[in-house]
Each structure stands twice: as C-alpha cells, then as structure tokens.
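[1] Sequence plus the predicted model coming up.
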Amino acid sequence: QLPPTPRAAPWSMAPAQSRPRGSVALTGRMLERACAQGFFEKREFELVAEATKAGRLPQYQALGAFYLIMERAARRAGKYKDFRAMLPSSFTYPTPGFYVAAPLPNELVHTIMQFVDGRTLARFSKCSPQLRVRANRIASEGLARITTLRLVHPAVARWKTDLRLLAVLTNPPNLRSLLGPGTAWAPIRNQVYEDWDQEIASYAEPKTDYGRKDHRAYMAKYALRLGDAAVIEGIMRTTDPEERYDHIRNFCNRLDTRDRYLKNDMGDPSWCNAPNILNHFVHVERVQAAAAAGKSIAEHSPLLQSAAEHDRYFPGLDNVEDANWVLYADWDEAIF
C-alpha cells in the first residue's frame, strides 16, 4: 500500500490539465495494483512522503513521483513489461518537479544548495516557499563571491531577483535561446531590433557549446554587441585567460556597434548604453590591476575592493585609450 501524503496546502493545488483523447488519469488504486509485485524499495516511497510533508514537493505531484520511482525500480528488476501490463494502455499523471530524481531529506538539500549553480538553485527554489527564501539568500551570497554586479547597477538588465542574476552569470545562454521566444531572456531579447533578431538566429548554431573555443569566441563577440554586463561576465567566465586578449583588442569596436543591434532611445534601459558597460569593466579592471601590482586599493568602496578577489576578464582594459569614450564617475563608489 502506498504511504499516505499530507493534505495539500493552497499553494500546492494541481493546475488544470488537458488529457489526450482515450487516456485516463492515473490513480493510487492503479499503482497499488501494479506495485503488488514488490520489486521496489519501501524507503523510496517514504522519502516522497517526507518531501511532501516538508513542503518540498507539492502534494498533487506525489502520485507522479510514486509512479516514476516504481517505473525505475521495475526497469532495474527487469520486470518493466509486467509492471506496465498492470496499468492502462494510455494514462496521464502529474509530472513531479525536481525531486523525482531522488526525494532528499532537508539536511542534504540545504547542503547541496550551497554548491550548485544558479540554474539548479532556481529549480530548488520552485519546490517550496521555504526553499525559495533560502535560495534567494544563497544567491545573494553567491553574487558577493563572484561579481560586483547588483540588480540596481546601470549596466545590468532587469533580471528582477538575485537568483535570476546568479543564473545568468553561472549559466550563460545559447545565442538562439537569447534571441528566441520565451520569458527567460526577455530583458535582452526585447531590446534587440527585430531584423537582427531574425538574421542572427538564421545562421547561429542550434546549440552553443561552451566546450569549444570558437563557440566561446563567437558568444563573447555577440555579448559585447547586445548583452548586458551580466551576460558578458557570464560568457567571459567560460573563457581561458589566454583567450581574453583578443576580446580586449576588440572591446571598444564591438561596443561601438551596440546602437546597430539595440534599441537605445529615450526611456530604454541604461544597460543598452555602451559607456555604462565600459564604465563597469574599466573600473573593475583598475582595481584588479592595482591589487595584482601590490598597490593599495583602500580608497575604493568595499564593493569595488571585492573585485580584487574575482577573475580578471579584460586584463589591461584600463589602458585602452579612445577619444570617443568618456568614463563616468565610478558607479560603485557613488552608490555604496
């Protein structure tokens, strides 16, 4: 018999779903009949019940989690055909969230969340309101470790939460997805002129492979042309130090083309403005260069001083001289 699950909280109510014609909804009675063969571990089901009780798994998704655990156990035992024969030929079930792979106890979840990237942390945050609060706190701490960028920075797009900003920095996009439909990259895509949007997508690779040097170089080039500072940093984090000198040589030339790709009229976000991008990276590089040379950086704000511990994405950029660019007063100093 399947272990009982707690009553659903209001936030965990199942959304309305349509079913393919001829299919039926999976029920607990169907699963109990199918699991009579006893090829599963009872502890796995107890973990699902614990996750539901703790609020990490919505109650309406528990049945789907039970089914997928039983299916996996049947495959391991070599009894999948027998298991499947006990169920209707066509049925639907609520797809469980992140915990279908392995329902985890609270202590282990909290430990794992300290070491995952932004995208995985965002998946944890969807499991319960409690984990959402914890994920946002971990994201804020993660940002402090890797960047001086914050949501209110003029070179940063409207990512809305620290969690999303961390995901941008630790999980840079494919070029197609950056310009494609959906809401994930809308803060960038909505500012790109439609003609360029379609043209770039027409010859971009189906998937950007950050394991390939040519793909990394291509994305770094387009990040400078149409990305905000977070997208640029996220892509530069994937590059090796020796690859970065080419991007330094072409830094200002590529920023110069932003007006061709991005809408930059009155009322458009400040990150579309090339000087804001340059301002951020030059001031960060100045602090990093001074720290590397053993010079004092005490005159800078604590936020900017923290850049000395971060990776150098554009070493030597502070020496770039271009009469067309005017550096603004340091934003980090002004705000913090």
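    Arrived safely, thanks for sending. The structure presented is a predicted model; accordingly, all values stated were derived computationally and were not measured.

[2] Which of the residues in the helix or strand harbouring His110 are classified as buried?
    Element membership of His110, judged by DSSP states H and E, is helix 106-113. Neighbour-count burial for helix 106-113, with 16 or more other Cβ atoms under 10 Å as criterion, is recorded at Val109, Met113. To be clear about C-beta, it is placed using only N, CA and C from the backbone, and glycine gets the same treatment.

[3] Counting by contacts, list what it packs against.
    Counting contacts by 3 or more Cβ pairs under 8 Å, 6 or more residues apart in numbering; DSSP states H and E, helix 106-113 is packed against helix 118-125, helix 129-146.

[4] Just say which of the ones you listed is most tucked in.
    Burial of those is given as mean neighbour count (mean count of other Cβ atoms under 10 Å); helix 118-125 ranks first at a mean of 20.

[5] and for that helix, what are the contacting residues?
    Identification of contacts with helix 118-125 by Cβ atoms under 8 Å, 6 or more residues apart in numbering yields 97-98, 109, 112-113, 116, 131-132, 135-136, 138-139, 142, 163-171.

[6] angle of it against helix 129-146?
    160 degrees (axes from the mean of the first three to the mean of the last three Cα atoms, to 10 degrees).

[7] gap between helix 118-125 and the chain center?
    7 Å (Cα atoms, centre = their mean, to the nearest Å).

[8] quick one: Ile232 and Arg84, what's the gap?
    50 Å (Cβ to Cβ, to the nearest Å).

[9] higher neighbour count, these two?
    Remark: of Ile232 and Arg84, Ile232 carries more neighbours, 28 against 13, as counted by other Cβ atoms under 10 Å.

[10] The residue lying closest to the more buried one once chain neighbours are set aside sits in which helix or strand?
    Nearest residue to Ile232 in three dimensions, chain neighbours excluded: Ala223, at 4.5 Å (Cβ to Cβ, 6 or more residues apart in numbering). Taking DSSP H and E as the definition, one finds Ala223 inside helix 213-226.

[11] Which strands or helices does that helix pack on?
    Going by 3+ Cβ pairs under 8 Å, 6+ apart, helix 213-226 lies up against helix 175-179, helix 229-236, helix 244-249, helix 251-256, helix 258-261.

[12] Go through the third one and flag the buried ones.
    Read it as helix 244-249. Buried residues in helix 244-249 (16+ other Cβ under 10 Å): Arg244, His247, Ile248.

[13] so what pLDDT did the closest residue to the last one other than its chain neighbours get?
    In space, Ile248 comes closest to Phe314 once its chain neighbours are excluded; the distance is 5.1 Å by Cβ to Cβ, 6+ apart. The predicted local confidence for Phe314 comes out at a pLDDT of 92.

[14] With Arg145 instead?
    Value listed for Arg145 in the pLDDT field: 91.

[15] so who does it touch?
    Glu309.

[16] who's in contact with stretch 276-288?
    148-149, 153-155, 224, 228-229, 232, 251-252, 255, 258, 270-271, 297, 300, 304-305, 307-308, 310, 312-318, 320, 325, 327-328, 330-332.

[17] the strands in the protein, which residues?
    24-25, 91-92 (DSSP state E).

[18] Point out the most buried one among those strands.
    Mean neighbour counts for the strands of the chain (mean count of other Cβ under 10 Å) peak at strand 91-92, with a mean of 16.

[19] on that earlier part again, could you dump the strands of the chain into TSV and include mean pLDDT and distance to Val287?
    Below are those laid out as TSV (pLDDT from 0 to 100; distance: least, Cβ to Cβ, whole Å):
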stretch	mean pLDDT	distance to Val287
strand 24-25	86	59
strand 91-92	86	56
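
[20] got a markdown table for these, with distance to Asp195 too?
    Listed next are the strands of the chain as a markdown table, based on distance: least, Cβ to Cβ, whole Å:
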| stretch | distance to Asp195 |
| --- | --- |
| strand 24-25 | 47 |
| strand 91-92 | 42 |
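
[21] Now the weakest link among the helices and strands packed on helix 106-113, please, by mean pLDDT.
    helix 118-125 (a mean of 85).

[22] quick one, it and helix 106-113 angle?
    Using the same axes, to 10 degrees: helix 118-125 against helix 106-113 is 160 degrees.

[23] Helix 118-125 to helix 229-236, inter-axis angle?
    120 degrees.

[24] Pretty sure Asp268 sits against Val192.
    No: counting by Cβ atoms under 8 Å, Val192 is not a contact partner of Asp268; they are 11.5 Å apart.

[25] so who does Tyr67 touch?
    Here Tyr67 is in contact with Leu26, Leu31, Tyr93 (Cβ under 8 Å, 6+ apart).

[26] Just send those residues back as a markdown table, with neighbour count too.
    Converted to a markdown table, the contacts of Tyr67 look like this (neighbours: other Cβ atoms under 10 Å):
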| residue | neighbour count |
| --- | --- |
| Leu26 | 19 |
| Leu31 | 18 |
| Tyr93 | 18 |
